[in-house]
Structure formats: structure tokens, C-alpha cells
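A.B. asks: Pasting the sequence and the predicted model now:
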Amino acid sequence: GESVGLHLPTLSVQEGDNSIINCAYSNSASDYFIWYKQESGKGPQFIIDIRSNMDKRQGQRVTVLLNKTVKHLSLQIAATQPGDSAVYFCAEDDRMDSSYKLIFGSGTRLLVRP
Amino acid sequence: NAGVTQTPKFQVLKTGQSMTLQCAQDMNHNSMYWYRQDPGMGLRLIYYSASEGTTDKGEVPNGYNVSRLNKREFSLRLESAAPSQTSVYFCASSGRTALAFFGQGTRLTVV
């Protein structure tokens, strides 16, 4: 099946800087995308989502951008903090049938330097 | 609300042994999922259940069976464990969208 992938496996940023994590998806029929954060030893936690009828969605310190033309997602974290250190996954809703299921990318590790 | 609860949290099996991973959710979600996560990799879907009474294969179903016992519970069974099944297993559930909420994982080692 089609899959979601990420450009950078590890991203190192200075505390206080903005972080941008990128994701490419290949299923042009996907209409729902989610970013998850996974801290060491824990399950993935929801950060923010976006539907394909939107280009941008903002949360608290996070923004997701969707470019359907090039099938690209990005997660922007403003004023990155040490607590943001984690692995970030994008996921797409693989609507092969009427059921919901998510297909995950391989993840990007974000390291925040003090 | 506990969300999604998985048991056990850790397990070591010998090759050929069997075991069942348990998962329960208290969010009244229709859909439940089992994923595996290998070191440094993303999550791969093993099986899912779109509603009580139905189950379907995901990306990597070989070597596993599942049971949707009721709306709350979805178990994953390894009939004859192999070292290749050493992984972290996550259960998740979702309601009216694909937004899934995950448990804390079961760390399984097969020796």
C-alpha cells in the first residue's frame, strides 16, 4: 500500500528556536492527517490534525501546514522547549474502505539543545 | 477515564511459546487497532477492528490473531512466538474519525 515518509530522521535545534518537521505522503486520496508526539517509553500522543480542505491549522505553539499540490505536510513548533524533545510521526487516514485506519511514517527525532 | 489500557507492560517469551496481549478502552470507541513498533521505526498496523464483531488484517498480520471480545476489549494473540516478533506493541482506539488514542505499549522480547 501507499505510505507516509519523512525527510529528516533527526533534527537538532536550540532551545527557543522554531522547529520544522517535514513529512511527504503519497496517497493523494487521503483526506485527514495527524501529527503525533512520542516520548521515550510512552505511546504516541495526539498533537494536531488537519483535513484536506484546509491548508493550515494552528494550535498552542504548533502549526500544521498541508500542501496538497506536492503532497507535503509540515509541523512547526514555536519557541522549542526541552519538553518538546521526542519522536514526531505524521500519519494519514488510509481510507481504502469505509473503516478508519492510520498509516504512519518512520518518524523524526527532535533534540532540543539547552 | 483511563483511556486505553494494555496488559502486560513487559513480557519475555521463549521461541514457540504463546501469549495474549490484552487491551481495553473506556472511551466507547467503535474502532480498535494493534500496531507494532520496532526500534527506531514507525508503527505498523497488525490488525484492526472497525466495530464490535469485525476484524481485518493490516500491513503485517502474519503470526498474529486477534479477538474483539466486546466493544471495550481487543486482544492480540501470538500462537508460536518467534524472535522476529520482538517489538513494542501498541493498542489504540478511535471514534468517529481516524484520530486514534494509544495505550502505553507492551514491550515483548522473544528469546
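C.D. replies: All right, it came through fine.
A.B. asks: what does chain B put close to chain A?
C.D. replies: Contacts of chain B with chain A, taken as C-beta under 8 Å from any C-beta of the partner chain, map to B:4, B:31, B:33, B:35, B:41-45, B:48, B:50, B:56, B:58-59, B:90, B:92, B:94, B:97-105. C-betas here are computed from N, CA, C, even on glycine.
A.B. asks: so what's A:Asp84 up against?
C.D. replies: A:Ser19, A:Lys37, A:Ile77, A:Leu110, A:Val112 (C-beta atoms under 8 Å, 6 or more residues apart in numbering or on different chains).
A.B. asks: rerun that using 7 Å as the cut-off
C.D. replies: A:Ile77, A:Leu110, A:Val112 (C-beta atoms under 7 Å, 6 or more residues apart in numbering or on different chains).
A.B. asks: mind checking how far A:Ser85 is from A:Tyr25?
C.D. replies: Noted for A:Ser85: a distance of 25 Å to A:Tyr25, by C-beta to C-beta, to the nearest Å.
A.B. asks: follow-up on the earlier one: will you turn the contacts of A:Asp84 into TSV that also has secondary structure, distance to B:Asn70 and pLDDT?
C.D. replies: TSV is the format used below for the contacts of A:Asp84 (DSSP: H, G, I helix; E, B strand; the rest coil; distance: C-beta to C-beta, whole Å; pLDDT from 0 to 100):
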residue	secondary structure	distance to B:Asn70	pLDDT
A:Ile77	strand	39	98
A:Leu110	strand	39	96
A:Val112	strand	43	96
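A.B. asks: send the alpha carbons of stretch A:94-107 over as PDB?
C.D. replies: The C-alpha coordinates for stretch A:94-107 follow below in PDB (Å, rounded to 0.1, in the frame of the first residue of the first chain):
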ATOM      1  CA  ASP A  94      -5.800   5.200   4.800                       C
ATOM      2  CA  ARG A  95      -9.400   5.200   3.500                       C
ATOM      3  CA  MET A  96      -9.200   2.000   1.500                       C
ATOM      4  CA  ASP A  97     -12.700   1.200   2.600                       C
ATOM      5  CA  SER A  98     -15.200   2.600   4.900                       C
ATOM      6  CA  SER A  99     -13.200   1.900   8.000                       C
ATOM      7  CA  TYR A 100     -10.700   4.300   9.600                       C
ATOM      8  CA  LYS A 101      -7.000   3.300  10.000                       C
ATOM      9  CA  LEU A 102      -3.900   5.300  10.200                       C
ATOM     10  CA  ILE A 103      -0.700   4.700   8.300                       C
ATOM     11  CA  PHE A 104       2.400   6.100  10.000                       C
ATOM     12  CA  GLY A 105       5.700   7.500   8.700                       C
ATOM     13  CA  SER A 106       9.000   6.400  10.100                       C
ATOM     14  CA  GLY A 107       9.300   9.400  12.400                       C
END
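A.B. asks: what comes up buried for that stretch?
C.D. replies: By neighbour count on 16 or more other C-beta atoms under 10 Å in any protein chain shown, the buried set for stretch A:94-107 is A:Asp94, A:Ser99, A:Tyr100, A:Lys101, A:Leu102, A:Ile103, A:Phe104, A:Gly105, A:Ser106, A:Gly107.
A.B. asks: got it, and stretch A:53-61?
C.D. replies: Buried, per 16+ other C-beta under 10 Å, within stretch A:53-61: nothing.
A.B. asks: Please report how far the residue most central in space within chain B lies from A:Arg51.
C.D. replies: Nearest to the centroid of the C-alpha atoms of chain B, with distances taken as C-alpha atoms, centre = their mean, sits B:Trp34, at 3.1 Å. Relative to A:Arg51, B:Trp34 is positioned 26 Å away (C-beta to C-beta).
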